[in-house]
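Student: give me coordinates for this.
(chains A and B)
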Amino acid sequence: MKVLVPVKRVIDYNVKVRVKADGSGVDLANVKMSMNPFDEIAVEEAIRLKEAGKADEVVAVSIGVKQAQETLRTALAMGADRAILVVAADDVHQDIEPLAVAKILAKVVEEEAPGLVLMGKQAIDNDMNATGQMLSALMGWSQATYANALEVEGDSAVVTREVDGGLQTVKVKMPTIVTTDLRLNEPRYASLPNIMKAKKKPLDEKTAADYGVDVAPRLEIVKTGEPPVREAGEMVGSVDELVSKLKEKGIV
Amino acid sequence: MAVLLIAEINDGALSMDATAKAVSAVSALGDVTLLACGASAKEAAAEAATIEGVSKVLVAEDALYGHRLAEPVAALIVSLAGDYSHIVAPATTDAKNILPRVAALLDVMILTDVSGVVDADTFERPIYAGNAVQTVKSSDSVKVLTVRTSTFDAAGTGAAAPVEDIAAGENPGLSEWVEDKVAESDRPELTSAGIVVSGGRGIGSEENFEMIEKLADKLGAAVGASRAAVDSGFAPNDWQVGQTGKVVAPDLYIAVGISGAIQHLAGMKDSKVIVAINKDEEAPIFQVADYGLVADLFEAVPELTDKL
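Tutor: Residues are numbered from 1 along each chain as shown, chains lettered A, B, ... in the order given. This is a model prediction of the structure:
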């Protein structure tokens, strides 16, 4: 079975996000970028499936700016076998919407015919939480989102999902789309020898036009602003003082 | 314009809070028709029909919708979509699973976690874990959105909208439910509780979390946790408050041993009063707290439990 893992290049998880003064977006110039953390979990899970003999090839794919090839090299260094870069934007500030990404991925899926697509449940930049579900819809496949555990058994997969009430386990028909939640696994670090090896692994470069997909956004960004700031209150010196303050406010 | 709003129903029970807040978020956009679906949905539909601002309730009661699997529910919603300008649901894990599938089937974009409705085409939503708020205008013919309920007040009840049965759709046969592991609890539900007591990494262990639970039970509160506490195995995943967990806005939020990572703040900073107890006086949580107490939580929390 082939596993396809879409990965997104996003602002590094540890970088403090700055909103641009003109309200046009978040400043991404000269900011450290990394693989979306949920996608790292997806890459890790795919490699574990290969190590367990359940998958025979792991293909990473990224859609965005040319620099996303760095993100793909990270996936290759972790253990993916080869990569596909679909260039769909010139400017790092241009985010490709989940619907357009899903349409491109659907074409890649048709070409590659994977048995499983493993991807992050959401990207930490636009926080949409949508691409996996959309790809599943376009393919007419089953979907299992927010995975906390995954077992592939022949022509089906049993997935435990993190849901509001606790955990839900579903059995889905293969091929399928699984989106990863935080606790599915802990991604490995790429070792230096593997980083060197990754440079020699195949990386195909395509464009959105090669797949005939229009990536024009459906949502016009009117404004990007700072969230409302909450003022700090006061420090209290003891539990007694805290209790009396809360009683004064009438909330306990 | 007309809105189709998916009522939040679990095992036959309506989540009145989430559904009524979603109704108030979108009632200005047009007539609101609720869709109640589930293996048992009639009672929930009757209850939902009392929400002010609802003009009609459609009931699809069928075993097919028992566990709200995305594939059959999305197919049902798409079959009804032609009559509506907006398809909306509260941003629960169920709706976040289902509505992007609906949007793609309709060839439109999805707007998730909407925190503000500007007009029929324009919506606000948090991005970058709540570090920025984006206003977006949709050019799609149908708007599909999930609503972050913590920012809206619940619509009142007392209405009596007509309830109409509709036929179930086909079973796409792509997935089946195996089991739920739901923690049974007498505590209020996290996202609608008036008081939430949350513990973080500072709690140190699953056993020590009992201290948080005792304080919560004294206050009749729900229990929450930071991502660090959940990742460390101190608390179950459904307690997680934050950008990738639950977003809450209770009257009182007590954060214990939580440093206040931006990811966590995104899930609770709309709370009316925030209390923080932490031994590190530099912890960022104090920058958003109304009342901060620098103390050893192992002494302060039992003392607080006694004195309340």
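Student: read off the pLDDT value for the closest residue to B:Thr305 other than its chain neighbours.
Tutor: With sequence-adjacent residues excluded and distances taken as CB to CB, 6 or more residues apart in numbering or on different chains, B:Thr305 is closest to B:Leu215, at 4.7 Å. Placement of C-beta: from N, CA and C, glycine included. pLDDT recorded at B:Leu215 is 97.
Student: now B:Ile262
Tutor: B:Ile262 is given a pLDDT of 84.
Student: likewise for A:Ile221?
Tutor: pLDDT at A:Ile221 comes out at 96.
Student: check contacts around it.
Tutor: Contact analysis of A:Ile221 by CB atoms under 8 Å, 6 or more residues apart in numbering or on different chains lists A:24-25, B:134-136.
Student: A:Asn36 contacts A:Asn126, correct?
Tutor: No. Using CB atoms under 8 Å, A:Asn36 makes no contact with A:Asn126, being 10.3 Å away.
Student: if you count surrounding residues, which of the two has more?
Tutor: Between A:Asn36 and A:Asn126, counted using other CB atoms under 10 Å in any protein chain shown, the more crowded position is A:Asn36 (25 against 21).
Student: show me what contacts that one?
Tutor: By CB under 8 Å, 6+ apart, the contact list for A:Asn36 reads A:7-10, A:120, A:123-125.
Student: among those residues, which are in reach of chain B?
Tutor: A:124-125 (CB under 8 Å from any CB of the partner chain).
Student: and the contacts of A:Asn36, which is closest to B:Val223?
Tutor: A:Ile124 (26.1 Å; CB to CB).
Student: the closest one looks like it's in a helix, true?
Tutor: No. A:Ile124 is assigned coil when assessed by DSSP: H, G, I helix; E, B strand; the rest coil, not a helix.
Student: from one end of stretch B:35-52 to the other, what's the distance?
Tutor: Here the two ends of stretch B:35-52 are set 15 Å apart, with distance taken as CA to CA, to the nearest Å.
Student: tell me if that stretch is near chain A.
Tutor: No. Stretch B:35-52 stays clear of chain A (CB under 8 Å from any CB), getting no nearer than 13.9 Å.
Student: contacts for that stretch?
Tutor: Stretch B:35-52 has contacts (CB under 8 Å, 6+ apart) with B:4-7, B:9, B:11-14, B:16, B:19-20, B:23, B:34, B:54, B:57-63, B:65-68, B:73, B:76-77, B:80, B:155-163.
Student: so how far is A:Gln133 from B:Gly199?
Tutor: 32 Å (CB to CB, to the nearest Å).
Student: an error on my part: the question was meant for B:Asp296.
Tutor: Counting by CB to CB - B:Asp296 and A:Gln133 are separated by 45 Å.
Student: tell me which of these two has more neighbours.
Tutor: A:Gln133 (29 against 12).
Student: tell me which other helices or strands the longest strand along chain A touches.
Tutor: In chain A, with assignment by DSSP state E, the single longest strand is strand A:142-153. Strand A:142-153 sits against helix A:37-51, helix A:131-139, strand A:156-163, strand A:166-173, strand A:176-180, helix B:70-80, helix B:93-105, strand B:175-182, with contacts defined as 3 or more CB pairs under 8 Å, 6 or more residues apart in numbering or on different chains; DSSP states H and E.
Student: got the contact list for the helix or strand following the shortest one?
Tutor: The C-terminal neighbour of strand A:176-180 among helices and strands, as given by DSSP states H and E, is helix A:192-198. For helix A:192-198, the surrounding residues in contact (CB under 8 Å, 6+ apart) are A:73-74, A:76-79, A:190.
Student: report the buried residues of helix A:192-198.
Tutor: A:Ala198 (16 or more other CB atoms under 10 Å in any protein chain shown).
Student: C-terminal to it, what's the next element?
Tutor: Later in the chain than helix A:192-198, the nearest helix or strand by DSSP H and E is strand A:203-207.
Student: parallel or antiparallel, which strands does that next one pair with?
Tutor: Paired with strand A:203-207 in the same sheet, following DSSP bridges, are strand A:82-87 (parallel).
Student: does chain B have contacts with the helix or strand just after the strand it pairs with?
Tutor: Next along the chain after strand A:82-87, taking DSSP H and E as the criterion, comes helix A:98-112. Yes. Using CB under 8 Å from any CB, we find that helix A:98-112 touches chain B at A:98-99, A:102.
Student: burial of A:Ala216, as a residue count?
Tutor: 7.
Student: so who does it touch?
Tutor: A:Ala100 are the contacts of A:Ala216 under CB under 8 Å, 6+ apart.
Student: and it, that one's in a helix?
Tutor: No. Counting by three-state DSSP, A:Ala216 falls outside a helix, being coil.
Student: quick revisit: which among the contacts of stretch B:35-52 end up buried?
Tutor: B:4-7, B:9, B:14, B:16, B:19-20, B:23, B:34, B:54, B:57-62, B:65-68, B:73, B:76-77, B:80, B:155, B:161, B:163.
Student: what is B:Val3 paired to in the beta sheet?
Tutor: B:Val32, B:His86.
Student: what's the burial count for it?
Tutor: B:Val3 has 27 nearby residues by other CB under 10 Å.
Student: ok so, going back, give the contact list for the residue nearest to B:Thr305.
Tutor: B:197, B:221, B:254, B:256, B:301, B:304-305, B:308.
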